[in-house]
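In: pasted the sequence and its predicted model underneath.
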Amino acid sequence: MEITYVVIIAIVAYIFGAITKTFIDKIPNRFIPLQNVVIGLISALICFFTKIEPNLLQAVVLCLMATMGAGGIADLTKLNKNQEIEEGEEE
């Protein structure tokens with residue numbers, strides 16, 4: 001059951017990513033959390049209406065936590081790369 005959430009979120013995120021890359025050249029970083037919330041809500045609605053999750057609140061919470069967690073992990077990897085670049089310049 002949990003893997004289904006991940007697949008749905010990945011598909012919705014891929015579609016959103018393709019749309020934003022096609023129609024919008026550069027989205028400021030401040031709008032990425034908002035995009036993650038929209039992806040989470042759409043994924044939750046898909047999970048609820050396809051009867052993967054019978055409880056709407058639980059579907060919303062699970063999908064929002066998954067999308068926001070993925071966004072946080074992506075930010076951490078970018079932060080780590082930036083720190084490595086700065087350390088390399090100092091030496």
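Out: In hand now; what should we look at?
In: show the model's pLDDT score for the residue nearest to the spatial centre of the chain.
Out: Residue closest to the mean C-alpha point of the chain, counted by Cα atoms, centre = their mean, is Thr67 at 3.7 Å. With respect to pLDDT, Thr67 has a value of 82.
In: contacting residues for it?
Out: Listed by Cβ atoms under 8 Å, 6 or more residues apart in numbering, the contact partners of Thr67 are Ile9, Ala13, Asn36, Val37, Ile39, Gly40, Ser43. Where you see a C-beta, it was placed from the backbone N, CA and C, and this is true even at glycine.
In: ok, of the residues you listed, which come out buried?
Out: Buried members of those, counted by 16 or more other Cβ atoms under 10 Å: Ile9, Ala13, Asn36, Ile39, Gly40, Ser43.
In: contacts for the helix or strand hosting the last one?
Out: Element membership for Ser43, per DSSP states H and E: helix 32-49. Helix 32-49 has contacts (Cβ under 8 Å, 6+ apart) with 4-5, 8-9, 12-13, 16, 20, 27, 52-56, 59-60, 62-68, 70-71.
In: could I get the buried residue list for it?
Out: Residues Gln35, Asn36, Ile39, Gly40, Leu41, Ile42, Ser43, Ala44, Ile46, Cys47, Phe48 are the ones in helix 32-49 that count as buried (16+ other Cβ under 10 Å).
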